[in-house]
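Participant: take a look and give me a structure for this.
(2 chains)
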Amino acid sequence: MKTQLVTLAENTEVKVTEDTQFVLQFPAMAGEKYSLNVIFEKPGVSGEIIGIYSLKKDQSVDLTTISTHKAPHTTCFTRIKGALYDNAKSSYTGKIIIEKPAQQTQSFLEDNILVLGNETLNTSQPILEIEADDVKASHGSTTGRINEEQVYYLESRGLDKTEAQTLIVDGFFESLVNKIEDATVAEAIRSALV
Amino acid sequence: MGKKLNDIHSDKKKSTIEVNANYENTYGFNVKSTPVFKAQKGLNEDIVAQISDMKHEPVWMKEFRLRAYKTFLEKPMPTWGGDLSKIDFNNIFYYLKPSNKEEKTWDDVPSEIKETFDRLGIPQAEKEYLAGVKAQFDSEVVYGTLQAELQEQGVIFLGTDDALKKYPHFFEEYFGKIIPPTDNKFAALNSAVWSGGSFVYIPKGVHLKRPLQAYFRINAENMGQFERTLIIVDEGAYAHYVEGCTAPVYSADSLHSAVVEVIVKPGARFRYTTIQNWSNDVYNLVTKRARVEKDGIMEWIDGNLGSRLTMKYPSCFLVGERAHGEVLSIAYAGKGQHQDAGAKMIHIAPNTTSTIISKSVSVHGGRTSYRGKVQVIPAAKNAKSRVECDALILDEDSRSDTYPTMVINEPGANIEHEATVSKIGEEKLFYLMSRGLTEAEAMSLIVSGFIEPIVKELPLEYSLELNRLIELEMEGSVG
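Facilitator: As a prediction, the model looks like this:
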């Protein structure tokens, strides 16, 4: 599968012509509205949307991803991970649209938000609009605070609190970063997260 | 391979029967009723005042109605959800009165009303077994029995109009406080013209063993029903309230817009079960909300069948520490139907928890939508919420949507949401058929299994009815 870095803008639209991973790149984190519509018009193609962001103190983002299935036998995985530090605001809308002709489509969405700071605000809206019957579609969304037991365990092994948190957050992101097939793009995402 | 299986699937679809297809034979009767008073169609300030006068209500209630009517006019129609453009507010009777007073004994109940109940299949013995039966015929409760047992425990179970006369202090304190008329256009409409519904008060520490039951009926052409239900479950008390509806078939559109307010006091537990099977021309636009105090538990079990359009999102405001809210929802949308149902959980206090489980089935061009909201405000430390929505689409003409919103303003909250949409697995069908079941039986079994987690929470007679409806639908899908 080919990897394509997508620099987000207010209304980004891409058409999937061959199996592609779309990795999101956020130009800024100051409350901008970003939207990406991935359109499947060619039967049989697969796509993946990978979005990873870390919102440091006072940063915010408003992201929408749409996977629009117009043709049969198309597949899409949308995977979003975000970490929120003090006063960070994240808003994510993840839409799966399967139109009537897009039978035998599979489309899944997962959105996980890890909360580390205080006074954070997270809004998640995973939406499904399904008009075809022979499909598989699902979404899962979680918002949760960093696991204090995991932090405690690492602390008991000699790490200080910040180191322990960093290690956990790295692990949280890495499980998705390592799905990026192009090593250069993966490295670019890793360095953007630090 | 996949395509071939799909062909089998669409063949089967053509022959399945609508749940309410033989509604007309089963429940499709229209006993002529002779209302003592029949208000004119349409609505204006005079009619609102007239309704209040006729019920000899206190001045504050009349003023409340008039204020609500103004709010109704000011509020815009919701632009989300289903198609509301066909509702003609001027073509509706806002108040009907079938007989002059509430009947005391079964013998006093008019025979044509009894006949309606017979057709509905409510057995005579059942009313003796059930804690109390309230039957709503047209706009007012005409029949109500309360077992001595309930009275001894100090439980109040009355028609709302009657309760307003006997226990005005409850109304002054709670009425319109959980759902103010300004909440939405239909809550405002209900507040202006409400009639009937139930009032329930469960005193401190009282545990009711048997559910309280209410039967609702619509039986006048173009009759809008605007029940108003107020339920107060005092500290440490437990009760289960059940309402079920079957409405006769009418050609003209009918509007049902109820408001249900529930107060769950500290340590109390309350369950509200609804199975609604409106005829296919009914707009069912209902506002249901519970305020749950410290250590309280509120459970909404909501089954939506029938109707042209249902928009209903039972909610829990978890205002006390460790309060728990739960919604179990089933929606079934057949031909021409749109079920826009869901739930709302608002976490306001620390350590509050909530669960939403929604199952929907759409067939023959029906559309089901789950619409829900989970909100956690900053003070609600350690709030936990889990939402699970599963949808089955039985043919290619049908549609299913999921519109959940999660607004989490508390960093210590733990929120999970999951939704799936799928069709009946061909391999499951094939397996069951290889064991000798017909295709219809296999489908019916799979659908029953799909909604089982919710059906098992229903009182026996309701789960039987629901399973029977599903069998009916699958019947004749052979060949």
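Participant: what about residue B:232, distance to residue B:150?
Facilitator: According to Cβ to Cβ, to the nearest Å, residue B:232 stands 15 Å off from residue B:150. From N, CA and C alone the C-beta is placed, and that goes for glycine too.
Participant: more neighbours: which of those two?
Facilitator: Between residue B:232 and residue B:150, residue B:232 has the larger neighbour count (other Cβ atoms under 10 Å in any protein chain shown), namely 22 against 19.
Participant: ok so the more buried one is a strand residue?
Facilitator: Yes. The assignment for residue B:232 by DSSP: H, G, I helix; E, B strand; the rest coil puts it in a strand.
Participant: which residues touch it?
Facilitator: B:170, B:174, B:200, B:201, B:202, B:262, B:263, B:265 (Cβ atoms under 8 Å, 6 or more residues apart in numbering or on different chains).
Participant: tell me the spacing between the second one and residue B:297.
Facilitator: Using Cβ to Cβ, residue B:174 is found at 19 Å from residue B:297.
Participant: neighbour-wise, which of the two wins?
Facilitator: With neighbours defined as other Cβ under 10 Å, residue B:174 and residue B:297 compare such that residue B:297 has more, 20 against 17.
Participant: skipping adjacent residues, who's closest to residue B:156 in space?
Facilitator: residue B:201 (4.0 Å; Cβ to Cβ, 6 or more residues apart in numbering or on different chains).
Participant: and for that neighbour, the neighbour number?
Facilitator: 22.
Participant: quick check, pLDDT for the residue lying closest to residue B:294 once chain neighbours are set aside.
Facilitator: Spatial nearest neighbour of residue B:294, chain neighbours left out: residue B:320 (3.2 Å); criterion: Cβ to Cβ, 6+ apart. The score at residue B:320 is 97. That number is its pLDDT.
Participant: residue B:320 and residue B:292 touch, don't they?
Facilitator: Yes. Judged on Cβ atoms under 8 Å, residue B:320 makes contact with residue B:292 at a distance of 6.6 Å.
Participant: now do the helices in chain B.
Facilitator: Here chain B has its helices, by DSSP state H, at B:2-15, B:23-26, B:45-54, B:59-74, B:111-120, B:124-129, B:148-152, B:160-166, B:168-174, B:185-193, B:426-434, B:439-455, B:460-474.
Participant: residue closest to the middle of the chain?
Facilitator: If you meant another chain, say so; for now it's chain A. Geometric centre of chain A, nearest residue: residue A:80, 1.6 Å, by Cα atoms, centre = their mean.
Participant: you answered for a different chain; I wanted chain B.
Facilitator: Note: chain B centre (Cα atoms, centre = their mean) maps to residue B:274, 4.7 Å.
Participant: and that one, what are its bridge partners?
Facilitator: residue B:243, residue B:302 (DSSP bridges).
Participant: cool, residue B:346 as well?
Facilitator: residue B:317, residue B:375.
Participant: that one: how many residues sit nearby?
Facilitator: 22.
Participant: same thing with residue A:159?
Facilitator: Neighbours around residue A:159, by other Cβ under 10 Å: 15.
Participant: distance from the chain centre to the helix ranked longest in chain A, please.
Facilitator: Assignment by DSSP H gives helix A:161-177 as the longest helix of chain A. Helix A:161-177 has its C-alpha centroid displaced from the chain centroid by 16 Å (Cα atoms, centre = their mean, to the nearest Å).
Participant: if you count neighbours, what's buried in that helix?
Facilitator: A:164, A:165, A:168, A:169, A:172, A:173, A:176, A:177 (16 or more other Cβ atoms under 10 Å in any protein chain shown).
Participant: any idea of the angle whatever helix or strand comes next after that helix forms with helix A:161-177?
Facilitator: Where DSSP states H and E defines the elements, the next helix or strand beyond helix A:161-177 is helix A:183-193. Angle of helix A:183-193 versus helix A:161-177, following axes from the mean of the first three to the mean of the last three Cα atoms, to 10 degrees, is 150 degrees.
Participant: check which helices and strands helix A:183-193 is in contact with.
Facilitator: The contact analysis (3 or more Cβ pairs under 8 Å, 6 or more residues apart in numbering or on different chains; DSSP states H and E) places helix A:183-193 against strand A:2-7, strand A:20-25, strand A:46-55, helix A:161-177.
Participant: closest one to chain B among those?
Facilitator: Chain B sits nearest to strand A:46-55 of all the helices and strands packed on helix A:183-193, at 12.2 Å, using Cβ to the nearest Cβ.
Participant: can the closest one be found next to chain B?
Facilitator: No. Strand A:46-55 does not reach chain B (Cβ under 8 Å from any Cβ of the partner chain); its nearest approach is 12.2 Å.
Participant: poorly predicted segments of the chain, please.
Facilitator: In the absence of a named chain, chain A is used. Across chain A, nothing is flagged by pLDDT under 70.
Participant: the intended chain is chain B.
Facilitator: For chain B (pLDDT under 70), the answer is B:1-39, B:96-148, B:214-224, B:244-253, B:465, B:468-479.
Participant: so which residues on chain B come close to chain A?
Facilitator: Residues of chain B lying near chain A (Cβ under 8 Å from any Cβ): B:2-3, B:6, B:9, B:378, B:391, B:393-396, B:398-409, B:411-423.
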